[in-house]
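> next comes the sequence, and after it the predicted model I'd like to discuss.
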Amino acid sequence: MKLPVLVLLILFTSCQTINADSYKISDPSELIVLKNLKPGDEVIISSGIYDSKNMQFSAIGTESKPIVLKAERAGSVIFTGESTLLLKGSFIVVSDLYFKDPKPIGSKSPIEMRTNDSKLENCVISGVNTKEDDSTDNKWVSIYGQRNTIEHCSFIDKKNIGCLLVVWMESGVIPEHKIINNYFSRPTTLLESDGSKKNGQECIRIGTSDLSMSRAGSLVANNTFYRCDAEIEAISNKSCYNKFTNNLFLESQGALTLRHGNNSIVDGNFFIGNNREGTAGIRVIGDHQNIVNNYFENIRGSNYQAAICLIQGVVNSPLNRYFQVKDSRVEGNIIKNCYNGIVISYGSSQDQTLPVISTEINQNTIYNDSQDNYSIVWVDTPHSPEVTFRKNIIYGGKTKNFDSKLSPQTTIRPSINDLSNLWLAIKSNSGAHWFKK
């Protein structure tokens with residue numbers, strides 16, 4: 001007898017439901033004893049406040065049937081104190097957990113992912129009510145393995161030393177992680193005795209200096225960075241072949257910094273300073289870097305904290321210093337009312353003597369209402385940069401050490417009549433992808 005298609009579908013669905021189990025636990029420490037979980041199983045943590053829980057969860061799911069670890073309800077499972085969660089395995093999805101005011105433990109992260117093809121989603125780590133701590137160094141999220149995703153999470157006000165989220169490089173491993181659709185805010189700034197910002201307070205770091213010439217291939221996209229002020233780098237790129245796209249940097253004093261490594265792409269991001277003091281854009285070091293189609297408005301920083309800063313390199317640079325900017329591209333960017341638009345070949349140390357070379361600056365539009373703003377800052381000491389300019393347009397503002405004879409295809413105009421005409425000019429000049437649709 002032939003069964004109707006609908007009956008077969010119902011039977012198939014029922015079998016799948018039967019094969020997957022759901023476990024509810026009231027003590028998160030029990031996660032470590034859960035064995036023999038099958039693809040499609042889920043583990044639910046009962047609502048409650050859990051203090052200083054040392055948790056470990058190991059599981060192996062499949063792409064179509066991940067193993068899920070989640071809160072009974074979003075935001076109802078709260079971890080406090082020295083709580084930590086170590087994840088091991090593959091195809092695991094962790095969601096809806098809340099780490100509230102975590103107490104920093106040296107070199108130990110509240111969440112550590114030693115996984116492949118796994119996801120952390122809809123989770124929150126917030127340190128709003130913690131005390132400032134400039135002696136204990138730890139990270140909030142440490143990511144190892146390959147093809148993991150951090151998505152729709154919020155990370156708010158880490159008040160101790162240590163990067164908020166780190167992609168760790170491992171020998172022979174290409175991470176290819178995704179950090180997408182998250183919210184970052186780090187307004188608290190720990191200072192040195194001389195008033196300068198302490199190093200090691202980034203929001204995201206991809207890689208480390210010692211493995212910075214390795215390929216990471218990670219994606220940072222669609223995130224919001226609000227008042228990420230803790231140090232000069234909101235994002236510190238320390239590896240190769242990463243992409244940063246469609247992120248919003250709002251009133252942030254930390255720059256998106258290509259600190260070490262090469263061949264990365266910064267495309268279609270928005271930097272809105274709202275005239276806040278010290279707000280920053282993109283800082284570029286290394287070769288074959290691509291800064292394209294980004295939008296900057298009312299950024300008030302200068303030099304390293306300009307809208308775009310291409311810096312000077314160090315001769316025979318060690319991995320932890322500054323490699324020369326070369327064979328790179330700055331194209332299709334729009335820079336509006338920023339104190340320093342494009343700064344070319346800036347250095348702050350005596351050993352930074354290598355100028356920017358073999359780099360193209362094409363089809364950018366720089367607009368200034370104020371003559372106090374510098375559209376281009378050109379540094380030709382100790383050596384002059386070797387940069388090709390094509391089809392850039394500058395409206396208003398002023399330039400510093402910049403001879404228009406060096407860039408015959410750059411158009412400098414004193415002003416423009418109105419904003420609608422400005423956008424028409426930008427559309428005809430810019431390579432920005434949002435104008436090409």
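Thanks, I have it.
> and I78, how many residues sit next to it?
Look at I78: counted by other C-beta atoms under 10 Å, it has 18 neighbours. (C-beta placed from N, C-alpha, C; glycine too.)
> scratch that, F91 is what I was asking about
F91 has 21 nearby residues by other C-beta under 10 Å.
> how near is it to G172?
Remark: distance between F91 and G172 (C-beta to C-beta, to the nearest Å) = 22 Å.
> also V387?
37 Å.
> I'd like the distance from stretch 205-223 to the chain centre, please.
9 Å (C-alpha atoms, centre = their mean, to the nearest Å).
> oh, I was asking about stretch 264-276
That offset, for stretch 264-276, works out to 11 Å (C-alpha atoms, centre = their mean).
> also stretch 165-179?
The chain centre lies 13 Å from the centre of stretch 165-179; the measure is C-alpha atoms, centre = their mean.
> over to stretch 373-392?
Once both centres are worked out by C-alpha atoms, centre = their mean, stretch 373-392 turns out to sit 27 Å from its chain's centre.
> same check, this time on stretch 168-181
Taking mean C-alpha positions (C-alpha atoms, centre = their mean), stretch 168-181 and its chain are 13 Å apart.
> what sits up against it?
Stretch 168-181 is contacted from outside by 142-152, 165, 167, 204, 206-208, 211-212, 214-223, 239, using C-beta atoms under 8 Å, 6 or more residues apart in numbering.
> among those, which lie within helices?
Residues of the contacts of stretch 168-181 located in helices (DSSP state H): none.
> so how do I select the buried members of these in PyMOL?
The buried residues among these can be selected in PyMOL (16 or more other C-beta atoms under 10 Å) with this line:
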select buried, resi 142+143+144+145+146+147+148+149+150+151+152+165+167+204+206+207+208+211+212+214+215+216+217+218+219+220+221+223+239
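> what's the local residue count around S22?
Look at S22: counted by other C-beta under 10 Å, it has 10 neighbours.
> same deal with G195?
6.
> next one: V33
8.
> next one: phi and psi at it?
Dihedral pair for V33: phi -90, psi 0, per degrees, to the nearest 10.
> mind pulling up the pLDDT for it?
For V33, the pLDDT comes out at 91.
> separation between it and S52?
19 Å.
> quick one: list the elements packing against the strand or helix carrying V68.
Assessed by DSSP states H and E, V68 sits inside strand 67-71. Judged by 3 or more C-beta pairs under 8 Å, 6 or more residues apart in numbering; DSSP states H and E, strand 67-71 is in contact with strand 42-45, strand 54-60, strand 92-95, strand 97-100.
> same thing but 10 Å
Where contact means 3 or more C-beta pairs under 10 Å, 6 or more residues apart in numbering; DSSP states H and E, strand 67-71 is packed against strand 22-25, strand 42-45, strand 54-60, strand 77-80, strand 84-90, strand 92-95, strand 97-100, strand 119-121.
> quick check: the gap between N337 and E331.
For N337, the distance to E331 - C-beta to C-beta - is 21 Å.
> right, I mislabeled it, should have said S109
38 Å.
> same deal with A59?
From A59 to E331 the distance is 45 Å (C-beta to C-beta).
> can you check N122 too?
Relative to E331, and taking C-beta to C-beta, N122 is found at 36 Å.
> go on, I394?
For I394, the distance to E331 (C-beta to C-beta) stands at 15 Å.
> more neighbours, the two?
I394 (25 against 22).
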